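In: Dropping the sequence and predicted coords here.
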Amino acid sequence: MGQRVEYMSRDGYEKLKTELETLKTSERIQIAERLEYAKSLGDLSENAEFDAAKEDQMLNEMRIGELEYLLRRATIVDKRAPTAAVGIGSTIVIRADKSDKEETYMVVGSSEEADPLVGRISHESPLGRAFLGCKKGEVVIVSTPRGALKYVILGIS
């Protein structure tokens, strides 16, 4: 079975690469220094500083592995997505049924790039999945744990 592709913008890809480089260099060095200091304190069996540094080392290495895996599977999506239908890279303006408030979201590929609080939703989220392939003027029904919500697409860019 093939590996799952992780779609992301060029900016998202570069951000993850930068994070990976930081974790592999300066973060590893800081943790190594903390481990050395903790070892210099003596008995490791009850050394809270050593235990904390080891835990941070484990978390850092796990994140490095996760980022390397994501970046290996990454497919960069051009921001200039066609505007006829919603796709990864599209910016959509929507309005919920029975609301006057317009909301603007960019549909991004990777959940690593998603941040609904700043208007970036993953194409794999319930909202993102519901809008993919839809056109301006369409009414879209989104299934949520609270029930079905209706939205109208006001614009795609």
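Out: On my side now, so go ahead.

In: ok, which stretches of this protein are helices?
Out: Taking DSSP state H as the criterion, the chain contains helices spanning 10-22, 28-40, 48-73, 126-131.

In: Now do the buried residues in the shortest one.
Out: Residues of helix 126-131 classed as buried by neighbour count (16 or more other C-beta atoms under 10 Å): Leu127, Gly128, Ala130, Phe131. Where you see a C-beta, it was placed from the backbone N, CA and C, and this is true even at glycine.

In: tell me the mean pLDDT for that helix?
Out: Looking at helix 126-131 alone, the average pLDDT works out to 90.

In: Sketch out the low-pLDDT regions of this structure for me.
Out: Residues of the chain meeting the criterion pLDDT under 70: 1-3, 79-82.

In: Kindly list the longest strand within this structure.
Out: Under DSSP state E, the strand in the chain containing the largest number of residues is strand 147-156.

In: Stretch 38-54: which residues count as buried?
Out: Ala38, Phe50, Ala53, Lys54.

In: Contacts for it next, please.
Out: The set of residues external to stretch 38-54 that reach it, using C-beta atoms under 8 Å, 6 or more residues apart in numbering, is Ile31, Arg34, Leu35, Tyr37.

In: Now it - C-alpha only, CSV.
Out: Below are the C-alpha coordinates for stretch 38-54, written out as CSV (Å, rounded to 0.1, in the frame of the first residue of the first chain):
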residue,chain,number,x,y,z
ALA,A,38,22.1,17.2,35.1
LYS,A,39,24.7,14.5,35.0
SER,A,40,27.2,16.8,36.7
LEU,A,41,24.8,17.0,39.7
GLY,A,42,25.5,13.4,40.6
ASP,A,43,23.1,10.6,41.3
LEU,A,44,20.8,10.1,38.3
SER,A,45,18.3,7.8,40.1
GLU,A,46,16.6,10.8,41.7
ASN,A,47,17.6,13.6,39.4
ALA,A,48,14.6,15.6,38.3
GLU,A,49,16.6,17.8,35.9
PHE,A,50,18.0,14.7,34.2
ASP,A,51,14.6,13.1,33.9
ALA,A,52,13.1,16.3,32.5
ALA,A,53,15.9,16.7,29.9
LYS,A,54,15.6,13.0,28.9
